[in-house]
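Trainee: quick one: sequence and predicted model below, then my questions.
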Amino acid sequence: MGNGDSRVRGIAARAGGWSARHRWAAVGIWVLFVVLAMGLGSAAGRVDVKDSDQLKGETHTAAKIIEDAGIEEPASETVLVQAKDDGLTATDAEFRQAVEAVVKAVEGTGEVTDVTSPYDTRTISEDGRSALVQFDISGDSDTAGERVEPVLKAVEGVQKEHDALRIEEIGGASMMKTFDDAFGDDFQKAEYSAAPVALGILLIAFGALVAAVLPVLLAITAIMATMGLMGVVSHVMPMSDTANSVMLLVGLAVGVDYCLFYLRREREERAAGRDAQTALRIAAATSGRAIVVSGVTVCVAMAGMLFTGLAEFEAMGLASLMVVAVAMIGSVTVLPALLSLLGERVEKGRLPFLRRRSTAGGGGDSRFWTAVLKGVLAKPVVSVVVAAGALLAIAAPALGMKTQQLTLDQEFGDSLPIVQTYNRLNEAFPGGSEPAEVVVKADDINAPEVKSALADFRERAISSGASRGPVEIKLHDAQNIAFVYVPLVGGSDLDKAGASLDRLRDDVRPATLGTVDGVEAPITGQVAGSKDFNDQLAGAVVPVFAFVVIFAFALMLLSFRSLTIALTSIVLNLLSVGAAYGILVAVFQHGWGASLVGAEGVGAIITWLPLFLFVILFGLSMDYHVFVVSRIREARLRGRTTKDAISHGVVTTAGVVTSAAVIMVAVFAIFGTLSMQSMKQMGVGLAAAVLIDATIIRGVLLPAVMALLGERNWYLPKWLHRLPDLTHDEAPEPLAPTARDDEGEPVRV
């Protein structure tokens, strides 16, 4: 490198050159690709992840047994009948009349089956003040929420006739309807508002409508194409709604970022006096190449999710990987063609209240970052100590991170009446709202030894202290399967409920059902699912972490041919992720400053979030890193001293990095405004990490560390010189015949 060769080389440069020369062909191919992908996806349909494939372990085994047997578990509902004071008990006549009225009312709707009275099932609390009427909603459990309203109205009618009692319904169907009514459009609104928010910020950044629309248009077409591809791919690896939402988020973020990088450089070169063709060639050879390196790195990070063994994560990883690849390809192919077609018309639609900018995305050098860089480069040691110390302090709370599936009250707070019902039910019947479910499969479920084992299991579940009962058994004679429902001691306290589950699995089951040959008895339910998910995720952390870090390191090493750059890239990214973890724990686990983001401390972080954040952030942060370091390296090759190259690279990229970061922070912050605490955690974690990455990491730590390292930034041991040369594509107008170091020696980069 630095030899003055003016050849344009590399995939990005060649793709950009071809697209600029064959403008209509490039645009036509892209449009055809998007239309074909959507058409194929629509024709193929999307196959979603089955319940039986969601998890491994006993939860998976239980779901598989139920699925193979063809049993459709109905949506179960419960009506809590509870005295408001100490006056009434379940033995009183008024209480009995209320229970009978509930049974009669729900049966009269014609929407329920298998209604049971607490006097038959003994579902009466120890203090006698609470009782449960239980039943199932007829039909498909997935759509039960659409049919439960008449039942809810019937229960409300009984409540009006009995002022001394609380008569409240809760269950899968009623919760589904309540949450759909309260939050059904919540997530969808956030998705739909993301693109307008990004467009608004781009309008301010570019000051022109056409230039602002291009990045959003590319991102949206990349998302549309990926949605089609997801339908085709789902027949090999099932997808999900969650994967679709994550794909939309990632696609919008990288699609806009990549266009910003390209547009900024092309506008900058035009403003410097280059003709349109030369400006495009330089943008293709520099920003185009940075997009390819960044895109491949992000794809590798997303591929890390495929190592979790969790179907939902695998779907999210593959969907994200595909949208990044599509956006990357679109950025280096159709975007140059569009820029070539538009020419100066890219400045059309200029907003009159914004001053004309000399370059898209931010004007010239940033005065703010110029001032910051002056201080950072003057005292790099102090800058590293202060910035790294601050980030380590922010990351410190992460050492005490606790992860778990959030319970209903943790997820939604006390804002909904049904959450209060959930709390009252768990207080009166610990674990009754979310019992463990033992799926017993036998050669003959009615065999004497099996029936005896079931009875022993029911007795020991209570005598062991794992449950206070009542333990309910439902037989499916035709399939030789029994469902055993065990309310766990601990209720909504997942730590205590988890201990009760362990007692069932490790002590009660082996001593009862485990003694009968040919009997399978996996234990599932919400507590079991949470535990199995945690166990699976814990086993995936090391391989995912190792895969992402090692491959990201290798890509950076090949892309910059510098061991130092590769190492510092990994360390800085890990520091950024650690700081994001610290903020999450401080805000959502401990509640420090939670009210500032409209959240509350719930004592835990949702189980899936830490690994998800690591993969997403490690990938997205490489966008900025590759872009900034590429610009620094380019300036160094053109003859600037290392310190000048650092200042030039950071300051000239500050506008586009700031614009991209503001867009991502704004989009992620939208998800931080949603009602569910898990979505708030995701939104705040992503927004905080991107903000830290674009400011403290790229604006302070990166230049300070590189200034301290000097020429060692470009160190590559001789034994690594045989590595493939994937270094920076050279711009066709070298500004200096030979780059020299601070002492005047030729640069070997």
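Mentor: That came through fine.

Trainee: where do the helices sit along the stretch 301-450 of the chain?
Mentor: According to DSSP state H, counting those that start in this stretch, the stretch 301-450 of the chain carries its helices in the segments 311-342, 367-378, 380-395, 408-412, 417-428, 448-463.

Trainee: winner for burial among these?
Mentor: helix 311-342 (a mean of 25; mean count of other CB atoms under 10 Å). All C-beta atoms are positioned from the backbone trio N, CA, C, and that covers glycine.

Trainee: so for that one, mean pLDDT?
Mentor: Average pLDDT, helix 311-342: 90.

Trainee: what's the answer for stretch 189-203, then?
Mentor: In this model, stretch 189-203 has an average pLDDT of 78.

Trainee: mind listing what's buried in that stretch?
Mentor: 190-191, 194-195, 197-199, 201-203 (16 or more other CB atoms under 10 Å).

Trainee: and the gap between residue 313 and residue 411?
Mentor: In this structure, residue 313 and residue 411 are 20 Å apart, going by CB to CB, to the nearest Å.

Trainee: and for residue 58?
Mentor: Distance of residue 58 to residue 411, computed by CB to CB: 24 Å.

Trainee: again with residue 583
Mentor: With distances taken as CB to CB, residue 583 is found 20 Å from residue 411.

Trainee: do residue 55 as well
Mentor: To residue 411, residue 55 is 19 Å away according to CB to CB.

Trainee: hang on, residue 259 packs against residue 214?
Mentor: Yes. Residue 259 is within contact range of residue 214, at 5.9 Å (criterion: CB atoms under 8 Å).

Trainee: and for those two, which residues touch both?
Mentor: Here residue 259 and residue 214 have residue 335 as joint contacts, going by CB atoms under 8 Å, 6 or more residues apart in numbering.

Trainee: out of those two, which sits in the busier spot?
Mentor: residue 259 (28 against 25; other CB atoms under 10 Å).

Trainee: wait, a strand at the more buried one?
Mentor: No. Under DSSP: H, G, I helix; E, B strand; the rest coil, residue 259 sits outside any strand and is assigned helix.

Trainee: which helix or strand contains the residue nearest to it when sequence neighbours are not counted?
Mentor: Leaving out its chain neighbours, the residue that sits closest to residue 259 by CB to CB, 6 or more residues apart in numbering is residue 215, at 3.4 Å. Following DSSP states H and E, the helix or strand that holds residue 215 is helix 209-233.

Trainee: buried residues, that helix. List them.
Mentor: Residues 209-231, 233 are the ones in helix 209-233 that count as buried (16+ other CB under 10 Å).

Trainee: ok, residue 681 to residue 401 distance?
Mentor: For residue 681, the distance to residue 401 - CB to CB - is 12 Å.

Trainee: what is in contact with these two at once?
Mentor: Shared contacts of residue 681 and residue 401 (CB under 8 Å, 6+ apart): 584, 605.

Trainee: the more surrounded of the two?
Mentor: Applying other CB under 10 Å to residue 681 and residue 401 shows that residue 681 carries more neighbours, namely 26 against 15.

Trainee: using the three-state scheme, assign the more buried one.
Mentor: helix.

Trainee: ok, it to residue 591 distance?
Mentor: 13 Å.

Trainee: got it, and residue 56?
Mentor: Taking CB to CB, one finds residue 56 at 33 Å from residue 591.

Trainee: now the angle between helix 311-342 and the helix or strand encompassing residue 282, please.
Mentor: Using DSSP H and E, residue 282 sits within helix 276-285. Per axes from the mean of the first three to the mean of the last three CA atoms, to 10 degrees, the angle that helix 276-285 makes with helix 311-342 is 160 degrees.

Trainee: pLDDT value on residue 233, please?
Mentor: 93.

Trainee: try the one 3 residues further on
Mentor: Predicted confidence (pLDDT) at residue 236: the value is 90.

Trainee: repeat that for residue 465.
Mentor: Reported pLDDT for residue 465: 89.

Trainee: just give me the neighbour total for it.
Mentor: Neighbourhood size, residue 465 [other CB under 10 Å]: 12.

Trainee: helix/strand/coil for it?
Mentor: Looking at residue 465 with three-state DSSP, the answer is coil.

Trainee: shouldn't it be in contact with residue 496?
Mentor: No. With contacts counted by CB under 8 Å, residue 465 stays clear of residue 496, the gap being 10.9 Å.

Trainee: any residues in contact with both of those two?
Mentor: Residues touching both residue 465 and residue 496 (CB under 8 Å, 6+ apart): residue 489.

Trainee: got a list of what the closest residue in space to residue 22 that isn't next to it in sequence touches?
Mentor: Counting by CB to CB, 6+ apart, residue 337 is the residue found nearest to residue 22 once chain neighbours are left out, at 7.4 Å. With contact taken as CB under 8 Å, 6+ apart, residue 337 is in contact with 19-20, 22-27, 30.

Trainee: in helices only, show me those.
Mentor: 19-20, 23-27, 30 (DSSP state H).

Trainee: low-confidence ranges, the stretch 401-550 of the chain, go.
Mentor: Counting by pLDDT under 70, the stretch 401-550 of the chain has low-confidence residues at 432-433, 492.

Trainee: what about the strands in it?
Mentor: Assigned by DSSP state E, counting those that start in this stretch, the strands in the stretch 401-550 of the chain fall at 403-404, 436-441, 472-476, 481-486, 523-524.

Trainee: what's near enough to touch residue 685?
Mentor: With contact taken as CB under 8 Å, 6+ apart, residue 685 is in contact with 580-581, 583-584, 609, 613.
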